[in-house]
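Asks: Kindly generate the corresponding structure for this input.
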Amino acid sequence: MPRSPVRSAHLTRRQFVRGAAALAASGFAALPSLAHARRAAANERLTIGLVGVGNMGSGHLDALLGNPDVQLLAVCDVDAVKRDAARRKAEEHYGGATRSGEYRAVEATNAFEDVLARDDIDAVLIAVPDHWHAIIAIAACRAGKDVYCEKPLSLTIRQAWEMVAAARRYNSVFQVGSQQRSEDNFRHACELVRSGRIGALREVRVGIGGPSRDKQFAEQPPRPGLDWDRWLGPAPWQPYNADRCSGDYNGGWRHVRDYSGGMTTDWGAHHYDIAQWGMGMDGSGCGPIEIVPPPEMPDIRKNPDPDKEPVLRFTYPTGVTMVHGGANGVKFIGSDGVIEVNRGYLKSWPDAIAKSRLGPDDVHLYRSRSHHQDWIECIRTRRRPVADVEIGASTITTCHLANIAFWTGRTIRWDPQRREIIDDAAAARWLDRPMRAPWRLHL
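Replies: Sure, this is the predicted structure:
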């Protein structure tokens, strides 16, 4: 049975995770900030709780079970069918290494608070819909856990920077699941751009798809085993519909504004992230200063052609323009050449640029060979990971600003230092969203 909540808590994607081998009223509200009282020794396996075992979470489950450096102790999901299947899979995996062939030590729970209350869990991996990220991640930091949170980091700009504040306050190692930072071709593309191989950077084209919208669904009876109230959590109450909560990328919750920012945030958390890495504009206080939308909001699945259609444009303090359009991927356009990068390829014009090697005086960026393993190593060393929460917050801020411009149809002027929309109160209301009582953020 779910516990009664206090709810206080200030390559394809699946190929990657498969290949990578709030606060509760009765219990969690009283849980002290542990400030990482338990630290695994260097030769110990890290103990993990997995929150969310749907599309992405099931891939993370496989990766965790295949990693000898970690031990999975708990799985959490609001869908009993999914969480019980995840527990069985984990226990069968660990049971194979026992003399009896049996293992019955993986907890399966409906409530993330149960996972966070366990002193024997070092870290949590969060793979739930976007509207839940901030509450669970902040609660995890407060409970003394290290965190891996799937992208996009948050539902709003304010939530993202509250997550940064929580990670810093409680000294949590916090990796965001923008795993392209752990792929050589993306890192090398950014190194080449920042080392001046294409001359002065003029424009970046990023193809990712469009924003989410308000959508209506006919009411259906909830399917057995699903805690619909918990699935909604801080989002506004709506009746159940299977399509509303589906993880299908062609529909479902990613297309609904109450739960997600659409492809602008889902893919923007990847490609905007790389674009800003290549620009050197990917940290706190960095970002665009003006966002100009096209006359009409694009379809969520469409990448408009910037040479033929109006597109959303960002302007950065350096004078560089980033364009929301073009083929899926990231294209850096400079005075002396072009670099285009996506999953599985890196190419340039002239060809020699992509093949050139970096010298000792060139820009060398953080090298991570595996996104999961980078997080695990950073938990042991207490170093900040390749996709640290502050970088993730900078990236998702840019994504959200794009959506605010799309939704309002107005030019947005942004102060990246103060994190404020300038002289537009109506647009500024999108910097945060109200949460359905009694859920709230709490540091």
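
Asks: Make sure residue 157 is actually in contact with residue 429.
Replies: No. In this structure, residue 157 is not within contact of residue 429 by Cβ atoms under 8 Å, at 11.5 Å. Bear in mind the C-beta positions are built from the backbone N, C-alpha and C, glycine included.

Asks: higher neighbour count, the two?
Replies: Applying other Cβ atoms under 10 Å to residue 157 and residue 429 shows that residue 157 carries more neighbours, namely 24 against 13.

Asks: quick one: the more buried one from residue 362, how far?
Replies: From residue 157 over to residue 362 the distance is 34 Å, taken as Cβ to Cβ, to the nearest Å.

Asks: For residue 336, see how far away the residue nearest the centre of the chain is.
Replies: In the chain, the centroid-proximal residue (Cα atoms, centre = their mean) is residue 151; its distance is 1.3 Å. Residue 151 is 32 Å from residue 336, where distance means Cβ to Cβ.

Asks: hey, where'd the helices end up in the stretch 151-300 of the chain?
Replies: For the stretch 151-300 of the chain, applying DSSP state H, counting those that start in this stretch gives helices covering 157-169, 184-194, 228-232, 263-266, 268-279.

Asks: who are the neighbours of the shortest one, in terms of helices and strands?
Replies: Applying 3 or more Cβ pairs under 8 Å, 6 or more residues apart in numbering; DSSP states H and E, we find helix 263-266 packed against helix 389-408.

Asks: what is the orientation angle of the helix it packs on with helix 268-279?
Replies: Per axes from the mean of the first three to the mean of the last three Cα atoms, to 10 degrees, the angle that helix 389-408 makes with helix 268-279 is 110 degrees.

Asks: The very next helix or strand once past helix 389-408 - contacts with which helices or strands?
Replies: Next along the chain after helix 389-408, taking DSSP states H and E as the criterion, comes strand 412-415. If you count contacts as 3+ Cβ pairs under 8 Å, 6+ apart, strand 412-415 packs onto strand 290-292, helix 389-408, strand 420-421.

Asks: Please compute how far strand 412-415 lies from its chain's middle.
Replies: The gap between the average C-alpha position of strand 412-415 and the chain average comes to 23 Å, counting by Cα atoms, centre = their mean, to the nearest Å.

Asks: for stretch 178-194, same thing?
Replies: Here stretch 178-194 is found 17 Å from its chain centre; the criterion is Cα atoms, centre = their mean.

Asks: Alpha carbons only: can I get it in CSV?
Replies: Extracted in CSV, the C-alpha atoms of stretch 178-194 (Å, rounded to 0.1, in the frame of the first residue of the first chain):
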residue,chain,number,x,y,z
SER,A,178,22.6,14.1,-21.1
GLN,A,179,24.9,11.3,-22.1
GLN,A,180,26.1,12.8,-25.4
ARG,A,181,28.8,14.5,-23.2
SER,A,182,30.2,11.0,-22.7
GLU,A,183,30.5,10.3,-26.5
ASP,A,184,33.8,11.0,-28.2
ASN,A,185,32.4,12.6,-31.4
PHE,A,186,30.4,15.2,-29.5
ARG,A,187,33.3,16.1,-27.2
HIS,A,188,35.7,16.3,-30.0
ALA,A,189,33.4,18.5,-32.1
CYS,A,190,33.2,21.0,-29.2
GLU,A,191,37.0,20.9,-28.7
LEU,A,192,37.5,21.7,-32.4
VAL,A,193,35.1,24.6,-32.4
ARG,A,194,36.5,26.0,-29.2
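
Asks: Buried residues in it, which are they?
Replies: Under the neighbour-count criterion of 16 or more other Cβ atoms under 10 Å, stretch 178-194 has 178-183, 185-194 buried.

Asks: and residue 99, what element?
Replies: Using DSSP H and E, residue 99 maps to neither a helix nor a strand.

Asks: So what's the predicted local confidence for it?
Replies: The score at residue 99 is 72. That number is its pLDDT.

Asks: Likewise for residue 260?
Replies: Per-residue confidence at residue 260 stands at 98 (pLDDT).

Asks: Got phi/psi on it?
Replies: Main-chain dihedrals, residue 260, degrees, to the nearest 10: phi -160, psi 160.

Asks: Residue 153 versus that one, what's the distance?
Replies: 12 Å.
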